[in-house]
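# this one's structure only:
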């Protein structure tokens, strides 16, 4: 057992089988404070806060992932391989690309296209398609319907660059009906596939690249409750 790790101070049994992973560790704290009972903080290393509590009587953990695929790659790998976590549900923000999505929409990433070289480590004889676990995806859609929350399911883009030099890139992804861009899901989906575990990415459109609309910090806090509720229902 390779725990604790250099990045996670949790001891055996302190992390639930299902972990919700927002990018921002302070959002992890917000979820724990707002939704969970009997909360225990299991990690503060590098301020990547992690908590375990109960939601409707079920043990659930929530932990920040940081920004980008290298960061979520480390944390999700350790959770899957060292802490025996079965499910990781990313809950984050995204920039809308498609005309079919608008500000505040909740998206579910069925697939995660990427411009990253993350898959090269697996030495595959072709192109790997990072996809969500269908069981988690189906449960998320059903939970959203029960909660009367509209969702858009489709392909998202996990990008390695926030400030990209290719000014045509978004237009090209948009032509392929990619819904929105974020920075973590593809690595999470690949790590889950390699570990034989389950992963899902649920996003809220916080800004739209083509309309120029964007949520304020206050709006993000209130709007993001919908995706948090969906994730907690299926945890």
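The structure has been received and is ready for your questions. In this text the structure is predicted, and so the values were computed from the model without any measurement.

# switch to C-alpha atoms for all contacts and neighbour counts from now on
Will do.

# and residue 65, how many neighbours does it have?
26 (other C-alpha atoms under 10 Å).

# and the gap between it and residue 226?
Residue 65 sits 20 Å away from residue 226, taking C-alpha to C-alpha, to the nearest Å as the criterion.

# quick one: low-confidence parts of the protein?
Applying pLDDT under 70 to the chain flags residues 1, 221-222.

# Give me the residue at the spatial middle of it.
residue 90 (1.8 Å; C-alpha atoms, centre = their mean).

# pretty sure that one contacts residue 202?
Yes - using C-alpha atoms under 8 Å, residue 90 is in contact with residue 202, at 6.0 Å.

# Am I right that residue 111 sits in a strand?
Yes - under DSSP: H, G, I helix; E, B strand; the rest coil, residue 111 falls within a strand.

# can you confirm residue 11 is in a helix?
No - secondary structure assignment (three-state DSSP) places residue 11 in coil, not in a helix.

# For it, which non-adjacent residue is closest in space?
Spatial nearest neighbour of residue 11, chain neighbours left out: residue 4 (6.0 Å); criterion: C-alpha to C-alpha, 6 or more residues apart in numbering.

# so how far is residue 122 from that neighbour?
From residue 4 to residue 122 the distance is 26 Å (C-alpha to C-alpha).

# which of the two has more neighbours?
residue 4 (15 against 10).

# buried residues in stretch 179-197?
Buried residues in stretch 179-197, defined by neighbour count with 16 or more other C-alpha atoms under 10 Å: 179-193, 197.
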